[in-house]
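A.B. asks: Please work out how this folds:
(one chain, ligands or ions: 4)
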Amino acid sequence: MIKSRFQKYVALFALLVLGVDALDTFIAAVYEHAVILPNRTETPVSKEDALLLMNRNIDVLEKAVKLAAKQGAHIIVTPEDGIYGWVFTRETIYPYLEDIPDPKVNWIPCRDPHRFGHSPVQERLSCLAKHNSIYIVANTGDKKPCNASDPQCPADGHYQYNTNVVFDSDGKLVARYHKYNLFAPEIQFDFPKDSEFVTFETPFGKFGIFTCFDIFSHDPAVAVVDDFKVDSVVYPTAWYNTLPLLSAAPFHSAWARAMRVNLLAANTHNTSMHMTGSGIYAPEAVKVYYYDMETESGQLMLSELKSRPCREPDYPEAVDWSAYARNIKPSPHEQSDFPGMIYFDEFTFTELKENTGNYTVCQKDLCCHLTYKMSGKRTDEVYAVGAFDGLHTVEGQYYLQICTLLKCQTTDLKTCGEPVGSAFTKFEDFSLSGTFGTSYIFPQIVLSGSQLASERHYEVSRDGRLKSRSGARLPVLVLALYGRVFEKDPPRLGQGPKKLQ
Ligand SMILES: *[C@@H]1O[C@H](CO)[C@@H](O)[C@H](O)[C@H]1NC(C)=O
Ligand SMILES: *[C@@H]1O[C@H](CO)[C@@H](O)[C@H](O)[C@H]1NC(C)=O
Ligand SMILES: *[C@@H]1O[C@H](CO)[C@@H](O)[C@H](O)[C@H]1NC(C)=O
Ligand SMILES: *[C@@H]1O[C@H](CO)[C@@H](O)[C@H](O)[C@H]1NC(C)=O
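C.D. replies: Ligands and ions are numbered 1, 2, ... in the order given. Presented below is the predicted three-dimensional model:
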């Protein structure tokens, strides 16, 4: 009797778990936020003034959260620096920081706000999540006291971390991530000693989390996908677009495609800093993205995603990135290569001379192959195909192998690689591939006006070609196979503040 009742209970419990716990799809939201910046960041403000500013930003985020929840969103991602802005020193960020505990303490700040000292930001985010029954991802600052027992302890007696927090739909703190790869100007924060691989389980799949510049890294970005097998990644960022190769939406969508996970990317919005470009990216398609250099307003986006994309029939197959290029013999024709800079890296370029053709351009171990057809060769637009194989050393160190086709800024070949915004030449056919020594290649297409191309118009073939589909007539600004060679990286990408010792 007892046994059978137990079995009934187990069966009922299993039903509940299936019913409540397993969603095949979910609604994701990201909010591109035009951050209200503090008036002064060079002298410290009081804790009260810091909180006033943070509450003004959370007021805006609150509207987005409520709107998203009303439309059925299960999770919303808000940007890096979205609560207090940027350009701080170590001293001036301090009044904005809270002690953020390890989530294993099992804490719902909304219910028990004073358990870990004064934490009004965590309390407010927790209550927002709880009252709107939605997961909230936000970025804020954590402080951790230390003392002489730790030889690395900073002179002011605490660590300060750029931190992502996640509250579940009950308001519970379920994830805390300290940004590992700080970008060079982030002098207000400390590097965590080790890279953290932070994941959290939800009824709509397993999530990973990291921040902005981390997306260039193996640890934690690639590792959290390859080793921890997450389905989706939530990604707060404060990304300033730098064409041709480092614009937010093209780069982030390429990462989701290459890593074959959902990526929910929320950027800050500030046109004078070229910060715009947020989106919801699935492995097989860009679901929705936002890019706006005209206005100063924020934007909410929502899209339905598959909870476990790797179980779906349209899950993209793994690509062998050099399979095609390995077997190509360069067609023998005259070609004069020339150097050109992209974001401080010296590429080897060659000009596209005709409206159709095949080119091979090489640098060190990398040869890039391009086959293309333009609808017409304009006299006022020049395109070049380029290769780079080397260590990037400015604002961080990381090893790259890149093949790219791009429009030069002017008809002067010296401008190839410099940013350009629009193009009138239409490409009807293209195929770009390279002899890469890495399997981490992020395939990008940027069209005139920094727009993304629709998946109807191109594909990534299993043998490693970024190819047009028939019927495409695309005003291409940039095609790129952006490869990362992690084995040749230094231990940490960021350079950060030098330690005074
Ligand atoms: C900055 O100063 C202006 C003018 O005094 C004021 O209107 C504005 O609200 C201030 N902004 C913040 C974030 O305090
Ligand atoms: C120093 O820090 C350690 C670790 O955080 C802590 O256990 C210890 O109590 C601290 N010592 C003093 C004197 O504050
Ligand atoms: C954008 O950022 C810059 C640099 O921090 C700042 O001076 C400017 O006021 C910001 N623009 C808006 C609209 O907040
Ligand atoms: C380019 O190469 C393809 C095969 O790789 C060939 O069919 C085509 O004729 C070549 N085109 C030119 C213009 O050389």
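A.B. asks: where exactly do the helices run in the stretch 101-250 of the chain?
C.D. replies: 120-132, 223-226, 248-259 (DSSP state H, counting those that start in this stretch).
A.B. asks: Ok, which of these comes nearest ligand 2?
C.D. replies: Checking these against ligand 2 by C-beta to the nearest ligand atom gives helix 120-132 as the closest, at 20.8 Å. C-beta here means a position set from N, CA and C on the backbone, and glycine is covered the same way.
A.B. asks: distance between the closest one and the chain's centre?
C.D. replies: Offset of helix 120-132 from its chain centre (C-alpha atoms, centre = their mean, to the nearest Å): 25 Å.
A.B. asks: same for it, what does it pack against?
C.D. replies: helix 47-70, strand 135-145, strand 158-167 (3 or more C-beta pairs under 8 Å, 6 or more residues apart in numbering; DSSP states H and E).
A.B. asks: Please repeat the previous calculation with a cut-off of 10 Å.
C.D. replies: When contacts are defined as 3 or more C-beta pairs under 10 Å, 6 or more residues apart in numbering; DSSP states H and E, helix 120-132 packs onto helix 47-70, strand 75-77, strand 135-145, strand 158-167, strand 173-178.
A.B. asks: Go through those and name the closest to ligand 3.
C.D. replies: Judging the helices and strands packed on helix 120-132 by C-beta to the nearest ligand atom, what sits closest to ligand 3 is helix 47-70, at 11.5 Å.
A.B. asks: residue in this structure nearest to ligand 3?
C.D. replies: Among the residues of the chain, residue 270 lies closest to ligand 3, at 3.7 Å counting by C-beta to the nearest ligand atom.
A.B. asks: which residues touch the residue nearest to that residue when sequence neighbours are not counted?
C.D. replies: Closest residue to residue 270 apart from its sequence neighbours, by C-beta to C-beta, 6 or more residues apart in numbering: residue 34 at 6.6 Å. Counting by C-beta atoms under 10 Å, 6 or more residues apart in numbering, residue 34 makes contact with 57, 60, 79, 82, 268-271, 275-276, 295-299.
A.B. asks: Please list which of those residues are also close to ligand 4.
C.D. replies: Near ligand 4, judged by C-beta under 6 Å from any ligand atom, there are no entries from these.
A.B. asks: Identify, out of the helices of the stretch 101-250 of the chain, the most deeply packed stretch.
C.D. replies: Highest mean neighbour count of these: helix 248-259, a mean of 26 (counted as mean count of other C-beta atoms under 10 Å).
A.B. asks: how far out from the middle of the chain is the very next helix or strand once past that one?
C.D. replies: Downstream of helix 248-259, the next assigned helix or strand under DSSP states H and E is strand 262-266. In terms of C-alpha atoms, centre = their mean, the centre of strand 262-266 is found 7 Å from the chain centre.
A.B. asks: now do stretch 432-450
C.D. replies: Chain-centre distance of stretch 432-450: 16 Å, with C-alpha atoms, centre = their mean.
A.B. asks: what does stretch 118-136 give?
C.D. replies: That offset, for stretch 118-136, works out to 24 Å (C-alpha atoms, centre = their mean).
A.B. asks: how about the nearest residue to the residue minimising distance to the centre of the chain, chain neighbours excluded?
C.D. replies: The residue lying closest to the centre of the chain (C-alpha atoms, centre = their mean) is residue 252, at 4.7 Å. Distances taken as C-beta to C-beta, 6+ apart put residue 265 closest to residue 252, at 4.5 Å, once the chain neighbours are dropped.
A.B. asks: ok, that neighbour touching residue 238?
C.D. replies: No - Residue 265 is not in contact with residue 238 according to C-beta atoms under 10 Å; the separation is 11.4 Å.
A.B. asks: so what sits against both of those two?
C.D. replies: Common neighbours of residue 265 and residue 238 (criterion: C-beta under 10 Å, 6+ apart): 79, 212, 248.
A.B. asks: Pull the contacting residues for the first one.
C.D. replies: Yep, that's residue 79 we're talking about. Residue 79 makes contact with 30-35, 61, 137-139, 211-212, 235-239, 265-269, 275, 278, 298, according to C-beta under 10 Å, 6+ apart.
A.B. asks: And residue 118, what's its pLDDT?
C.D. replies: With respect to pLDDT, residue 118 has a value of 94.
A.B. asks: hang on, the earlier thing: so the residue of the chain closest to ligand 3 bridges to which residues?
C.D. replies: residue 275 (DSSP bridges).
A.B. asks: give me the residue from this structure nearest ligand 2.
C.D. replies: For the chain, C-beta to the nearest ligand atom, closest residue to ligand 2: residue 147, 3.7 Å.
A.B. asks: In contact with the closest residue to that residue other than its chain neighbours, which residues?
C.D. replies: Leaving aside its chain neighbours, residue 147 sits nearest to residue 153 (5.9 Å; criterion: C-beta to C-beta, 6+ apart). Listed by C-beta under 10 Å, 6+ apart, the contact set of residue 153 reads 144-147, 159, 190.
A.B. asks: how close does residue 153 get to residue 494?
C.D. replies: Relative to residue 494, residue 153 is positioned 20 Å away (C-beta to C-beta, to the nearest Å).
A.B. asks: Also residue 118?
C.D. replies: For residue 118, the distance to residue 494 (C-beta to C-beta) stands at 30 Å.
A.B. asks: Those two: who's more crowded?
C.D. replies: In this view residue 118 and residue 494 are compared by other C-beta atoms under 10 Å, and residue 494 has more residues nearby, 21 against 13.
A.B. asks: and the residue of the chain closest to ligand 3, how many residues sit next to it?
C.D. replies: 18.
A.B. asks: pLDDT value on it, please?
C.D. replies: Looking at residue 270, its pLDDT is 98.
A.B. asks: How about residue 396?
C.D. replies: Reported pLDDT for residue 396: 88.
A.B. asks: Right, and ligand 4 sits closest to which residue of the stretch 301-450 of the chain?
C.D. replies: Minimum separation of the stretch 301-450 of the chain from ligand 4 (C-beta to the nearest ligand atom) falls at residue 358, amounting to 3.6 Å.
A.B. asks: Sticking with that residue, tell me its helix or strand.
C.D. replies: Residue 358 is part of strand 356-363, with elements assigned from DSSP H and E.
A.B. asks: And that strand, what's buried?
C.D. replies: Buried positions in strand 356-363, judged by neighbour count with 16 or more other C-beta atoms under 10 Å: 359-363.
A.B. asks: For the residue nearest to residue 201 when sequence neighbours are not counted, grab the count of nearby residues.
C.D. replies: By the measure of C-beta to C-beta, 6+ apart, the closest residue to residue 201 outside its immediate chain neighbours is residue 207, 7.8 Å from it. If you count neighbours by other C-beta under 10 Å, residue 207 ends up with 26.
A.B. asks: got the residue ranges for the strands in the stretch 401-501 of the chain?
C.D. replies: Under the criterion DSSP state E, counting those that start in this stretch, the stretch 401-501 of the chain contains strands at 427-434, 441-447, 451-452, 458-460, 466-468, 476-484.
A.B. asks: In TSV, list those strands along with mean neighbour count, mean pLDDT and distance to residue 123.
C.D. replies: Output for the strands of the stretch 401-501 of the chain, formatted as TSV (neighbours: other C-beta atoms under 10 Å; pLDDT from 0 to 100; distance: least, C-beta to C-beta, whole Å):
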stretch	mean neighbour count	mean pLDDT	distance to residue 123
strand 427-434	22	98	51
strand 441-447	24	98	39
strand 451-452	18	98	38
strand 458-460	18	97	45
strand 466-468	22	98	47
strand 476-484	25	98	39
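A.B. asks: Out of these, which gets nearest to ligand 1?
C.D. replies: Among the strands of the stretch 401-501 of the chain, the nearest to ligand 1 by C-beta to the nearest ligand atom is strand 451-452 (33.3 Å).
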